[in-house]
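> Give the three-dimensional model of this entry:
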Amino acid sequence: MLVPEVTWFADSRLADSLHGVRHNARVSLLASLLGHGAGLDSDQTAGLCTAAAVHDCRRHDDRQDPGHGWRAASWLLQNADTVTSVLDVHPSRRALHEAATAVALHDVPYDAFTADQDRAYRQAPHLIDLLKAADCLDRYRLPRTRWWPDLTRLRVPVPGWLHHVAFDLVLRSEQARLDGATHQQALDHALNALTPDEGRPFHDQ
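Model (predicted):
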């Protein structure tokens, strides 16, 4: 689980919001689990988890904010040394650029890709698909069940047990934050509370 800095957010008020620190951190963990299941190597995984940790950090609005993915991708490449140093992950330059592409496209529906976006997608389809899936899995934080994860929008399989992990991460971390924990404390609490069965690897399924 990679936890972004509050100062990385375009609007500091959004760091404690639906798309804030805890959301980005949880998505980084879910992306790691999905990447493991997809057989990514360590370099690709590092890029994917870095992308997940910052994918929403340049939002200006918690609701509709077209283009926030592109802004975050540009910011990531401009601040790559700082981000990777703070997160203590070190993807190759190629993996980082693929990760930035995933960030740029994570908020664009597949059927809305422009010709340029479709070409970009074909350069790193696995990372983009996995980031979209990880982001989707954290939708349990939203207040209405009709806004929860919709697997029909995804292009990668998601095992049933991972839904339980995603749900419990949201429930436990958000409750801990409401109880006064810091972002890091809330996330650590949620992670430490996972049962061994919830954390079991894909190849055991």
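> switch to C-alpha atoms for all contacts and neighbour counts from now on
OK.
> what residue ranges in the protein score low on pLDDT?
Applying pLDDT under 70 to the chain flags residues 196-205.
> go again using 80 as the cut-off
Flagging of the chain using pLDDT under 80 yields the residue ranges 195-205.
> now the helices: where do they sit in it?
Using DSSP state H, the helices of the chain run over 21-38, 42-54, 68-78, 80-87, 93-105, 115-123, 125-137, 160-178, 183-192.
> looking at the ones you listed, which is buried most?
For those, the largest average neighbour count (mean count of other CA atoms under 10 Å) is found in helix 42-54, namely a mean of 26.
> can you pull the contacts of the nearest residue to Ala124 once chain neighbours are set aside?
Spatial nearest neighbour of Ala124, excluding adjacent residues (CA to CA, 6 or more residues apart in numbering): Glu98 at 5.9 Å. Contacts for Glu98 (CA atoms under 8 Å, 6 or more residues apart in numbering) come out as Gly47, Gln123, Ala124, Leu127.
> Which pair in those residues has the greatest spatial separation?
Greatest spacing in the contacts of Glu98, by CA to CA: Gly47 and Gln123 (14.1 Å).
> returning to what we had before: among the helices of the chain, which comes closest to Ala15?
Of those, nearest to Ala15 by CA to CA is helix 21-38, at 5.3 Å.
> neighbouring contacts of that closest one?
1-6, 15-16, 45, 48-57, 130-131, 133-135, 137-138, 158, 166, 169-170, 173, 183, 187, 201-203.
> how about a cut-off of 6 Å?
Residues outside helix 21-38 that contact it (CA atoms under 6 Å, 6 or more residues apart in numbering): Met1, Leu2, Val3, Pro4, Ala15, Cys49, Ala52, Ala53, Ala134, Asp135, Phe202.
> if we can go back for a sec, tell me which of the helices of the chain sits nearest to Pro149.
helix 125-137 (5.4 Å).
> hey, C-alpha coordinates of that closest one in PDB?
Taking Å, rounded to 0.1, in the frame of the first residue of the first chain, the C-alpha atoms of helix 125-137 are listed here in PDB:
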ATOM      1  CA  PRO A 125      -3.200  -2.000 -22.200                       C
ATOM      2  CA  HIS A 126      -2.400  -4.300 -19.200                       C
ATOM      3  CA  LEU A 127      -1.600  -1.500 -16.900                       C
ATOM      4  CA  ILE A 128      -4.500   0.600 -18.000                       C
ATOM      5  CA  ASP A 129      -7.000  -2.300 -17.500                       C
ATOM      6  CA  LEU A 130      -5.600  -3.100 -14.100                       C
ATOM      7  CA  LEU A 131      -5.600   0.500 -12.900                       C
ATOM      8  CA  LYS A 132      -9.200   0.900 -14.000                       C
ATOM      9  CA  ALA A 133     -10.200  -2.300 -12.200                       C
ATOM     10  CA  ALA A 134      -8.400  -1.400  -9.000                       C
ATOM     11  CA  ASP A 135     -10.000   2.100  -9.100                       C
ATOM     12  CA  CYS A 136     -13.400   0.500  -9.700                       C
ATOM     13  CA  LEU A 137     -13.000  -1.900  -6.700                       C
END
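> quick one: that helix to helix 160-178, angle?
Counting by axes from the mean of the first three to the mean of the last three CA atoms, to 10 degrees, helix 125-137 points 50 degrees away from the direction of helix 160-178.
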